[in-house]
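Enquirer: Coordinates for the following, if possible.
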Amino acid sequence: MAHGESQQAALANANQAIQFWIDTVKEFGDPVPKPKGERLMLA
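Expert: Numbering: from 1, shown residues only. You can find the predicted model right below:
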């Protein structure tokens, strides 16, 4: 979940959270799953 003053800010915060998660998974040596399905975007 991400919040922001605008839709653009919320999406930027969500992308940052995703990147933090990916960095953490890689740090622990776990595989990063490949995206599947269609992209879902709600706002």
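Enquirer: Please make it C-alpha for all contacts and neighbour counts, starting now.
Expert: Fine.
Enquirer: Tell me which helix or strand residue 19 sits in.
Expert: Residue 19 is located in helix 7-27, with elements delineated by DSSP states H and E.
Enquirer: For this structure, give me the ranges with low pLDDT.
Expert: The model of the chain has pLDDT under 70 over residues 39-43.
Enquirer: try 80 this time
Expert: 1, 37-43 (pLDDT under 80).
Enquirer: which strands and helices sit next to the helix holding residue 19?
Expert: Applying 3 or more Cα pairs under 8 Å, 6 or more residues apart in numbering; DSSP states H and E, we find helix 7-27 packed against no helix or strand.
Enquirer: Tell me which residues of that helix come out buried.
Expert: Along helix 7-27, these residues count as buried under the neighbour rule (16 or more other Cα atoms under 10 Å): 10-11, 13-14.
Enquirer: For those, give me CSV that also has distance to residue 37.
Expert: Putting those into CSV (distance: Cα to Cα, whole Å) gives the following:
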residue, distance to residue 37
10, 22
11, 19
13, 22
14, 18
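Enquirer: Of the residues you listed, which is the nearest to residue 35?
Expert: residue 14 (15.7 Å; Cα to Cα).
Enquirer: quick one, what contacts the closest one?
Expert: 1-3 (Cα atoms under 8 Å, 6 or more residues apart in numbering).
Enquirer: mind redoing it with 6 Å?
Expert: Residue 14 sits next to residue 2 when contact means Cα atoms under 6 Å, 6 or more residues apart in numbering.
Enquirer: What distance do you get for it to residue 4?
Expert: 9 Å (Cα to Cα, to the nearest Å).
Enquirer: And residue 30, by the same measure?
Expert: Distance, residue 30 to residue 4, by Cα to Cα: 30 Å.
Enquirer: try residue 12
Expert: 8 Å.
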